[in-house]
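Asker: predicted structure and sequence below. I'll ask about it afterward.
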Amino acid sequence: MDTSLIVVIMVALVAIGLAFELGRRRGVPRAGPAAGRRLEEYDFYPFSVDDRGHVRFEPALFTDAVTHLLEHRDVRAAGELIVIGQQNLVRDTFGTAELDAYKRLYSLYDGDGIVIDNEAFLENYRRLVSQLGRSFRHTGIEILLHNLVNPSKSLVAIENGEVTGRSIGGGATNLVLDLKTRRQRGEDKVNYELNIGARQFKCTTVPIFRPEYGLVGAVCINVDTRFIREAVAADRERLDAFIDNLLRTDFQLEENILSKDEYHLAQRGKRHFMDDAIRAGATTRGEERRLAAILFSDIVDYTERMAADEAATLEIVRANEAIHSKMAGANGGRVLKLLGDGVLCAFDTATGAAECARDIMRAVEDDGRFALRIGIHLGEVIERDGDVHGDGVNVASRIESTVGPGQIGLSQVVHENIRNKGGLTTMSIGSQELKGVDGAVNLYLLEV
């Protein structure tokens, strides 16, 4: 059983549920659109964007907006401004005169009513978080709701909070500008990795926008990656418990949720959605073969480092794994296997593998504590029973052991695939004998 697949399916279900819920408010009267212009239509919209695409709050523009809206009534723009003021903690950061003006605006446009209305708007999301979270107890999946109109105490609902140790009332003061920045760049904040010390999480953040006020909340799903990989996948008893928790139900119903065709197949004995393929023998061996560009890396002098300072070396290993995970994801690849001092990654293209290797080497050089050797080959990979085999893996590992510290070795086929790609420069090191590989192999080095 591939537990990572279980988690992907689970998170997908949660995200789908959230998508259906966005914008729905049962039992809460929805106010009509406020009269006036959007705040963004004014010159004093209180945010700017720097050269790197980061959004910044501008207190001077905010003060100009307050002054204008005190003198010229605009319910819609003022409502947005009050939300922005609450999000950016102007009550805690503004001087006396500016704060007094904001308080007058807040009172004039019924700021308390806006805050209360938003809490009511988020109530359905609170119930959604609670019900979904309670469906996945003890699976290492945390789901929570942020009220971003009160970012200093934004955490208003959380289930399975033991995953991160957070609780109701916690803050998320950086989340507002981060989500605004990502919206400015046209990015989604999904499927990202967080590494905090020895902890690692896969995260998804779903922003909640309202036409009246803009960004008002966010639902976050955090999966404890190390729990899934190290505690669950490595222990059959824990894996069984994980699956039991995932599939736990409270009662049984007699309902048909299948299509007409699937219903008839079920009546004839089809047990699950892949049952036909399994009966046909397509997946009987649990084996997948495919062509991939394989990157194999190894920490130089790992054994000597472990003998000299085990704790420091383990920190290096963790840093190395984080670098590989980040760079593989950024270049269209994935980490297949962690081997202590070695890392095995796969890519759909040789270019992706080469660019990733270059990025990894640069990141390791910036770290300054260790060096790597990397080998890349394009060949067949076999994934069977959670392990990886095949020509691509074997040749990549032999190339890695042939090159020197700080070098990236490429096979002839990889060189042929990337030689006309801009920004990738190679140098031939001639024909080499590789252990376990018949005949000499032409090798190249990729410039870092």
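Answerer: That came through fine.

Asker: how about stretch 355-362: buried residues?
Answerer: Buried residues in stretch 355-362, counted by 16 or more other C-beta atoms under 10 Å: 355, 356, 357, 358, 359, 360, 361. Every residue, glycine included, has its C-beta placed from N, CA and C.

Asker: possible to save the residues you listed as JSON lines with pLDDT, secondary structure and distance to residue 343?
Answerer: JSON lines is the format used below for the buried residues of stretch 355-362 (pLDDT from 0 to 100; DSSP: H, G, I helix; E, B strand; the rest coil; distance: C-beta to C-beta, whole Å):
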{"residue": "355", "pLDDT": "94", "secondary structure": "helix", "distance to residue 343": "16"}
{"residue": "356", "pLDDT": "95", "secondary structure": "helix", "distance to residue 343": "11"}
{"residue": "357", "pLDDT": "96", "secondary structure": "helix", "distance to residue 343": "11"}
{"residue": "358", "pLDDT": "95", "secondary structure": "helix", "distance to residue 343": "15"}
{"residue": "359", "pLDDT": "95", "secondary structure": "helix", "distance to residue 343": "13"}
{"residue": "360", "pLDDT": "96", "secondary structure": "helix", "distance to residue 343": "9"}
{"residue": "361", "pLDDT": "96", "secondary structure": "helix", "distance to residue 343": "13"}
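
Asker: pick the one among those closest to residue 117.
Answerer: residue 359 (46.7 Å; C-beta to C-beta).

Asker: what about the stretch 151-300 of the chain, any weak spots by pLDDT?
Answerer: Low-confidence segments of the stretch 151-300 of the chain, defined by pLDDT under 70, are located at 274-287.

Asker: tell me where it has strands.
Answerer: With DSSP state E, counting those that start in this stretch as the criterion, the stretch 151-300 of the chain has strands at 155-159, 192-196, 199-210, 214-224, 287-299.

Asker: most distant residue from the centre of the chain?
Answerer: Distance from the C-alpha centroid of the chain, by C-alpha atoms, centre = their mean, peaks at residue 71 (44.8 Å).

Asker: mind checking how far that one is from residue 79?
Answerer: Per C-beta to C-beta, to the nearest Å, residue 71 is found 17 Å from residue 79.

Asker: just the endpoints, please. Distance across stretch 160-177?
Answerer: 26 Å (C-alpha to C-alpha, to the nearest Å).

Asker: buried set for that stretch?
Answerer: Across stretch 160-177, burial judged by 16+ other C-beta under 10 Å covers 160, 161, 163, 164, 166, 170, 172, 175, 176, 177.

Asker: please apply the same query to stretch 86-93.
Answerer: Buried, per 16+ other C-beta under 10 Å, within stretch 86-93: 86, 87, 88, 89, 90.

Asker: same question, stretch 381-400
Answerer: For stretch 381-400, by 16+ other C-beta under 10 Å, it's 381, 383, 388, 390-400.

Asker: okay, and residue 352 sits in which element?
Answerer: Applying DSSP states H and E as the criterion places residue 352 in helix 350-367.

Asker: residue ranges of the helices in the stretch 251-400 of the chain, please?
Answerer: 260-267, 275-279, 302-308, 310-330, 350-367, 391-402 (DSSP state H, counting those that start in this stretch).

Asker: among those, which gets the worst mean confidence?
Answerer: When the helices of the stretch 251-400 of the chain are ranked by mean pLDDT, helix 275-279 comes last with a mean of 53.

Asker: now, which of the buried residues of stretch 381-400 sits nearest residue 217?
Answerer: Taking C-beta to C-beta as the measure, residue 217 sits nearest to residue 383 out of the buried residues of stretch 381-400, at 39.9 Å.

Asker: roughly how far does residue 405 sit from residue 338?
Answerer: Residue 405 is 21 Å from residue 338, where distance means C-beta to C-beta.

Asker: and for residue 357?
Answerer: According to C-beta to C-beta, residue 357 stands 17 Å off from residue 338.

Asker: quick check: closest non-adjacent residue to residue 152.
Answerer: residue 171 (4.8 Å; C-beta to C-beta, 6 or more residues apart in numbering).

Asker: tell me the contacts of that neighbour?
Answerer: Under the criterion of C-beta atoms under 8 Å, 6 or more residues apart in numbering, the neighbours of residue 171 are 151, 152, 153, 154, 155.

Asker: what do you get if the cut-off is 10 Å, keeping everything else the same?
Answerer: Residues in contact with residue 171 (C-beta atoms under 10 Å, 6 or more residues apart in numbering) are 89, 146, 150, 151, 152, 153, 154, 155.

Asker: what do you get for residue 308?
Answerer: Counting by C-beta under 10 Å, 6+ apart, residue 308 has contacts residue 301.

Asker: 6 Å - rerun?
Answerer: Shown in contact with residue 308 (C-beta atoms under 6 Å, 6 or more residues apart in numbering): no residues.

Asker: tell me the spacing between it and residue 58.
Answerer: Using C-beta to C-beta, we find residue 308 at a distance of 52 Å from residue 58.

Asker: ramachandran coordinates for the closest residue to residue 424 other than its chain neighbours?
Answerer: Setting aside the residues directly before and after it, residue 424 is nearest to residue 418 in space (C-beta to C-beta, 6+ apart), at 4.8 Å. Main-chain dihedrals, residue 418, degrees, to the nearest 10: phi -110, psi 0.

Asker: number of nearby residues for residue 418?
Answerer: 24 (other C-beta atoms under 10 Å).

Asker: which strands or helices does the helix holding residue 352 pack on?
Answerer: strand 287-299, helix 310-330, strand 372-384, helix 412-418 (3 or more C-beta pairs under 6 Å, 6 or more residues apart in numbering; DSSP states H and E).

Asker: of the buried residues of stretch 355-362, closest to residue 440?
Answerer: residue 357 (23.0 Å).

Asker: residue contacts, that closest one?
Answerer: Contacts for residue 357 (C-beta under 6 Å, 6+ apart) come out as 295, 374, 408.

Asker: from residue 393, how far off is the first one?
Answerer: Counting by C-beta to C-beta, the gap between residue 295 and residue 393 amounts to 10 Å.

Asker: from residue 40, how far off is the residue nearest to residue 178 when sequence neighbours are not counted?
Answerer: Counting by C-beta to C-beta, 6+ apart, residue 178 lies nearest to residue 189, which is 7.5 Å off, once chain neighbours are set aside. Distance, residue 189 to residue 40, by C-beta to C-beta: 21 Å.
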